[in-house]
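Sequence and predicted model, in that order:
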Amino acid sequence: MPAPQANKRVKNKRISRNIIIGSEAWNLPPPGHPDRPKGVPEDHTKRWTVYVRQPEGDPSLTTWLNKVQFKIFSTYENPLRTCENPPFEVTETGWGGFSIDIRLHFQPISGEKAQYRQHFLQLEKYGDPSLQEIQEKTGCVRSEFLEVVQFNEPTEALFEALTAEDQWNYIMPQSAKGGKKAAMLGIGANGKPKRGYPNGERSAQLPEKGGDDVPFSQEQEAGLIDMLQKKMAEVDGQLEAESKKKEDTEQRLKALREELGQAAAQQAAQQASGDRSRRR
């Protein structure tokens, strides 16, 4: 069998991979406190980390991701930070949030250009009261989002890498690859398959049901789609009501124009009749 080519594309194939882009922030001890790290400016109140991670149980990120560049605020020393190996993250201290540009560089075998993402560094508590209560209790402000990277008609070399068994090696020890031991590793403490192991088999598909150890599932996806459809229906209803109000207003305006037009014509006729009487 010939070796896969790094430039030849696999037609009519598309493979997606999930990544988590986020940040975490913690309060720093005040200046003068013995636990405050040395060398931290006095006006810095937070220690924060911005990161690119793979969802738990997903295939290895490094199969397709070569390095990540984070462009932080220009006042920091060396604001363009490059991470060529996991963990893909940057840790610093500061006092205010800002937007961070993130550049994803793919493995050379992909033949793909780098892609850009952006993340706002959230340092202060946010969200509803229950979320803020959790942030207060844990002392950590976490803000993260699931992103999807798609490879449309990937190169033969990348397609082989994204469908190979090796991308799952990080999950299990060498002695447990394949067979019954590998299947057992796919079962969580609750007796249900872990994310990435639907039905005990390795897969990148979303599991059907969610749970404490399953951050994303088909059930959650279906619920989100249902919510969006309901909101769209509400918007359509509001648009229809506004359209009806506009139509009614236009009809009233038309009637008023006709009424005013007839009154003006009658007044003009009466005036003309009066002028003729005076001339006689």
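Right, received. Where do you want to start?

Every contact and neighbour count from this point should use C-alpha atoms.
OK.

For Leu61, give its distance to Lys67.
Counting by Cα to Cα, to the nearest Å, the gap between Leu61 and Lys67 amounts to 10 Å.

now Ser110
Computed as Cα to Cα, the Ser110 to Lys67 distance reads 13 Å.

So between those two, which is more surrounded?
Using other Cα atoms under 10 Å as the criterion, Ser110 and Lys67 rank with Ser110 on top: 22 against 18.

Just read off the phi/psi values of the more buried one.
In terms of degrees, to the nearest 10, the main-chain angles of Ser110 are phi -80, psi -30.

What residues does it make contact with?
Under the criterion of Cα atoms under 8 Å, 6 or more residues apart in numbering, the neighbours of Ser110 are Ala6, Trp64, Pro154, Thr155, Ala157, Leu158.

how about 6 Å then?
By Cα atoms under 6 Å, 6 or more residues apart in numbering, the contact set of Ser110 is Thr155, Leu158.

any idea of the pLDDT on it?
Reading off the confidence values, Ser110 has pLDDT 94.

how much space between it and Phe159?
Using Cα to Cα, Ser110 is found at 9 Å from Phe159.

element containing Glu259, please.
Using DSSP states H and E, Glu259 maps to helix 218-279.

what's the model's confidence in that helix, averaged?
Helix 218-279 shows an average pLDDT of 78 in the prediction.

all strands for the protein, in order.
Listed from the start of the chain, the chain has strands (DSSP state E) covering 14-27, 46-53, 65-71, 80-83, 88-94, 99-106, 115-120, 140-152.

The shortest one: how far from the chain's middle?
Meaning strand 80-83. 22 Å (Cα atoms, centre = their mean, to the nearest Å).

again, but for the last one
If you compare the mean C-alpha spot of strand 140-152 with that of the full chain, they lie 5 Å apart, counting by Cα atoms, centre = their mean.

how big is the angle separating it from strand 115-120?
Computed by axes from the mean of the first three to the mean of the last three Cα atoms, to 10 degrees, the angle separating strand 140-152 from strand 115-120 equals 160 degrees.

go on, the fifth one?
Between the direction of strand 88-94 and that of strand 115-120, the angle (the same axes, to 10 degrees) works out to 30 degrees.

tell me which residues of strand 88-94 are tucked away?
Of the residues in strand 88-94, Phe88, Glu89, Val90, Thr93, Gly94 count as buried by neighbour count, 16 or more other Cα atoms under 10 Å.
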